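1. fold the following, please.
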Amino acid sequence: MPILDFGDGSAPIQLDYPDERVFSKCSSYGDRVPGLSWNEFTVKHRGTLDYLSNPQQMILEGLYEAVDGAEFYPVHYQRGPRADTFLARNCKQAIDNLFKQKLIISLENGNTIGISVQMGVARYNINQISPPFLIARVVSGLLVRLEQQNGVGGLLNLDNFGAHPDFRNIVVSLANPSILMTVCQVIRNDSESFRVNGFILTNNQIRELRPLSLFANVDHALLDLRGNKIRSAERFCRDLNQFRARELWLDNNPIAKSSKFPGNIKSLEKNFRLVNGVPFDKLHKTYSPLDNDIDLDADGSRIDLNNNWKLGEFKDSEDWHAIVVPDPKHELKQCAFFDYFFIGVDPNLSELYPCYYKFIRHEHVFLVRNCFNQIKHLVDNCQLQMVVPSVPGIIGERIFSFYVRMNVSTFKQHHVVPSQCIQKAVQQSYAPQNRLLNLAQFQSNENLRNVVVHLSSHKILGNLLSVASRIFMANCSEIRLCDNKIFHVEGAHLLRRMGNLRAVDLSHNWLQDLPAIASLGELPLKSLVLHGNPLCRSFKMSSEYVRAVLQIFPQLTHLDGVELLANPGQTPQKNFLCDIGAYELVGDVFLTNYLRQFEREEDRVNLMKYYSDSSIFTMTNSYKIVQNHRTGHLFHRLSIYNKRARECFKQDSSRAANFVHVGTAEIMDVLMQLPRVVHDFHSLQTDVMHYDSKSAIIYVTGLLRDESPSSFNIGDLFLAFSRQFVVKFDKEGLGLGKKARRMKITNERFNIMNPSNNMIRHAFKVIYPVKKDAPPAEEDSLDVKDHKLILFKEVTCLISTWCTSIVEEAEWDFERALMLFIQKNVNNEIPDIAFA
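-> Below is the predicted model:
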């Protein structure tokens, strides 16, 4: 008979199964009485949830929903390939509720799973494991170790409570209201409960908060509910009707993402002063410190030309400073005002981001911070004057004098942070369907309503490009920067991170000459749009204009939307795409991923997925060895390629077929025998010679370094190579978003040859970060979240705002977000306008 000994000092559980009856798909257990004995539950998922990162969590949420708040503590939960099992006892109400559901539970993704129950599988002894006792012990321990955050002490931290190490043999989830009630009762009855000044209940899958009524009519400092699943505003307000705290946090809950928020929690206005860091009474309108928080007549210290010597006192200040520009006749609207104001801004100093602009009392007013050297420049060099250039024949030059009020307000947590606004705006501007980053009229992005991002400053533009390249890396093939008042493009080398960037649109900007965009010549662009810029008017003939552009961008195939090569011929073209839909094939979706996995033997086994029983693979070696002291060693190093190479001119024709490898097994046998290599990705030249919905032909050439072990030090062995893939799309409409497709290589040719002198001279001069050697990113880091959003957009085709909303609601759990998307789509909760 099996015996469960948990090794925690509790008495073992002896499973003797005295009653062989197993209940399944029924609504009654007849004359059986659950009693106090242990019962065994089997969840028959049949492996259908293996694609999820945490299928156990989804199963448990379905169970808690089915038991409908009854006390239920799974013990010894065991995952299995087709079924999960666990024990539970003293849970008659939970069992009754499960039988009411005919022992079928509904999951969040819409699936249903059957469970079976075998009662009385083991007797209960008083010293056996007791979940309520363990919960009480853990809570009591946390009560004597209350925490302090942001200057607030006495906080009971129950973040991700079920992950506590003392719960390794039981399942504890505050998503079950009965367990949350147990925790609250332990807190209230503990002698240390008077010290509790607030609760941190983050990341606990909580849906309802009725147990918090035990702490009614007591003033707390904090109730942090971030990262839960609170959805019903009506239930939420009812549960917290008598609970009071100075601050409430609700981020990453469905209730906070509702279009009715914050109006749907208006009834709690007297219970909480702050919600998500913002005063409750200011949640209902667009917030600006200039509305109520700042008195421009009294707050801060005024700096003008009469006391500019005092400016140095604020050198290290991180507070907000107000710039006030009188305009009695309101001659300048906001857009024109900032165009003229940025003429005086020094592009080589700190980035200046005007925030919370308003025209009040006949004055242009905005706030800035962390840009002391710019303010000093405006005071010392510009003499606090904004010059509006003359318009010949219409109006002369005008000068607007202004002043600065330093330290008008401290920075608060809910205030705007320009870098965060820019990052959100960039993320929202990406269209994954065609890999387009549309930054046209960037200032009009809704995320920038409280901050001015004036791209006439090359430093601000450089920062924007840096953010974009870091977020999208190889995912972006085209950037549109039109209508952004750009004077100069510097730092374009940052865009080298975008390995697949081939098109840039700079139309309708303020570019005066071609040297202003010379830095873009470092990029392998195929398409460039410049029309609508002053520089275009400096050429009398279009041919002169084209020649001048090609001197900087010799690889261009399209200029201002016009094809430059009318008849390119049939020869392979370097970095050419016959169809824009083929961008994905030369990026991470196929080619880059394939070459990365080919480099190391331990990763190469993953290439099996690209081949089928009808796939064909051939290899040739045309490397010519020059006779010198290295000849013998080179023969040895290259012999591994020769063994499998097909040399029709050198071999007996009757044996030629032996070197045509057919089927997954044969091809993988060849690939696994080849030595380890490293590709110089900067040297790669690609050509997609054919592309349609059924197949594609991809040709790639470049340089690699042979990494095979050798007892002789002959230095680096550089080999040029070419590979031609004939790819067939054999199944479409895959994945949860029905946008994925499966590709198989039907024919592949791999050739090794001598590298050119130019290849060797520039070998590995540009180092690309190797993902597998990079330190793992934290799960909650910005990079990880950014890439999850990008992938979620590609799978679901939702616009950025909806992607962010659903992924945050799923607490950045990608699989859970996909399930949530499917559920919302089935329930018609996603409008048509949410799809790009």
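
2. quick one: the strands in the stretch 251-400 of the chain?
-> Using DSSP state E, counting those that start in this stretch, the strands found in the stretch 251-400 of the chain span residues 272-275, 278-279, 301-303, 320-326, 355-360, 363-368, 385-388, 398-401.

3. one more: the stretch 501-650 of the chain?
-> With strands called from DSSP E, counting those that start in this stretch, the stretch 501-650 of the chain shows them at 503-505, 527-529, 558-559, 562-563, 576-577, 616-621.

4. quick one: the second one to chain centroid distance?
-> Distance, stretch centre to chain centre, for strand 527-529: 29 Å (CA atoms, centre = their mean, to the nearest Å).

5. can you list contacts of that strand?
-> The contact list for strand 527-529 (CB atoms under 8 Å, 6 or more residues apart in numbering) reads 478, 482, 502-507, 520, 549, 553, 556-561. (C-beta placed from N, C-alpha, C; glycine too.)

6. strands paired with that strand, and their directions?
-> The strands that strand 527-529 pairs with in its sheet are strand 503-505 (parallel), strand 558-559 (parallel) (by DSSP bridges).

7. which of the helices and strands in the chain ranks last by mean pLDDT?
-> strand 576-577 (a mean of 52; mean pLDDT, DSSP states H and E).

8. re the thing from before, so which of the contacts of strand 527-529 sit within helices?
-> Counted as lying in helices by DSSP state H, out of those, are residue 549.

9. of the contacts of strand 527-529, buried ones?
-> Listed as buried from these are 478, 482, 502-507, 520, 549, 553, 556-560; burial here means 16 or more other CB atoms under 10 Å.

10. between the residues you listed, which is nearest residue 816?
-> Looking at the buried ones among the contacts of strand 527-529 and their distance to residue 816, the nearest is residue 478, at 31.9 Å (CB to CB).

11. can I assume the closest one is in contact with residue 500?
-> No: in this structure residue 478 lies outside contact range of residue 500 using CB atoms under 8 Å: 9.5 Å.

12. below-threshold pLDDT in the stretch 551-700 of the chain: ranges please.
-> Of all residues in the stretch 551-700 of the chain, those with pLDDT under 70 make up the ranges 565-584, 586-588, 627-632, 646-658.

13. quick one: the helices in it?
-> Along the stretch 551-700 of the chain, counting by DSSP state H, counting those that start in this stretch, helices occupy 591-599, 601-604, 631-644, 664-673.

14. neighbours of residue 835, how many?
-> Residue 835: 12 surrounding residues under other CB atoms under 10 Å.

15. could you do residue 726 as well?
-> By other CB under 10 Å, the residues close to residue 726 number 18.

16. for whichever strand or helix holds residue 816, packing partners?
-> Using DSSP states H and E, residue 816 sits within helix 814-826. Judged by 3 or more CB pairs under 8 Å, 6 or more residues apart in numbering; DSSP states H and E, the packing partners of helix 814-826 are helix 55-67, helix 782-796, helix 800-809.

17. check which residues of the shortest one are buried.
-> I take that to be helix 800-809. For helix 800-809, by 16+ other CB under 10 Å, it's 800, 802-809.

18. what does stretch 661-673 give?
-> So stretch 661-673, judged by 16+ other CB under 10 Å, has buried residues 661, 664, 666-668, 670-671.

19. nearest to residue 816, of those?
-> Closest approach between those and residue 816, by CB to CB: residue 664, at 33.8 Å.

20. burial of the closest residue to that closest one other than its chain neighbours, as a residue count?
-> In this structure, residue 664 finds its nearest non-sequential neighbour in residue 611, 4.3 Å apart by CB to CB, 6 or more residues apart in numbering. Number of residues near residue 611 (other CB under 10 Å) recorded here: 23.

21. what comes up buried for the host helix or strand of residue 722?
-> For residue 722, the host element (DSSP H and E) is strand 717-734. For strand 717-734, a neighbour-count test (16+ other CB under 10 Å) marks 717-728 as buried.

22. re earlier: residue 189 is nearest to which of the strands of the stretch 251-400 of the chain?
-> Among those, strand 272-275 comes nearest to residue 189, with 26.1 Å by CB to CB.

23. burial count for the closest residue to residue 289 other than its chain neighbours?
-> Distance criterion CB to CB, 6+ apart; nearest residue to residue 289, sequence neighbours excluded, is residue 409 at 5.3 Å. Neighbour count for residue 409, taken as other CB under 10 Å: 20.

24. tell me the phi and psi of residue 409?
-> phi -160, psi 150 (degrees, to the nearest 10).

25. ok, it to residue 280 distance?
-> 20 Å (CB to CB, to the nearest Å).

26. hang on, the earlier thing: deepest of the strands of the stretch 251-400 of the chain, which one?
-> Most buried of the strands of the stretch 251-400 of the chain by mean neighbour count (mean count of other CB atoms under 10 Å) is strand 363-368; its value is a mean of 23.

27. got the angle between that one and strand 320-326?
-> For strand 363-368 against strand 320-326, the angle by axes from the mean of the first three to the mean of the last three CA atoms, to 10 degrees is 160 degrees.

28. average pLDDT across strand 363-368?
-> Average pLDDT, strand 363-368: 94.

29. that strand - contacts with which helices or strands?
-> In terms of contacts (3+ CB pairs under 8 Å, 6+ apart), strand 363-368 is packed against helix 289-292, strand 320-326, strand 355-360.

30. swap in 7 Å and give it another go.
-> strand 320-326, strand 355-360 (3 or more CB pairs under 7 Å, 6 or more residues apart in numbering; DSSP states H and E).

31. just so I know, which of the ones you listed lies nearest residue 111?
-> Between the helices and strands packed on strand 363-368, strand 355-360 lies closest to residue 111; by CB to CB that is 47.6 Å.

32. pLDDT (mean, whole number) over the closest one?
-> Mean predicted confidence for strand 355-360 is 91.

33. equivalent analysis for stretch 174-182, please.
-> Here the average pLDDT along stretch 174-182 is 91.

34. on that earlier part again, which of the buried residues of strand 717-734 sit farthest apart?
-> The distance between the two most remote of those (CB to CB) is 34.1 Å, for 717 and 728.

35. now residue 59, nearest residue through space, not along the chain?
-> Closest residue to residue 59 apart from its sequence neighbours, by CB to CB, 6+ apart: residue 43 at 5.5 Å.

36. tell me who's in contact with that neighbour.
-> Listed by CB atoms under 7 Å, 6 or more residues apart in numbering, the contact set of residue 43 reads 59, 83-84, 113, 115.

37. if anything else comes up later, I'll come back, but that's it for now.
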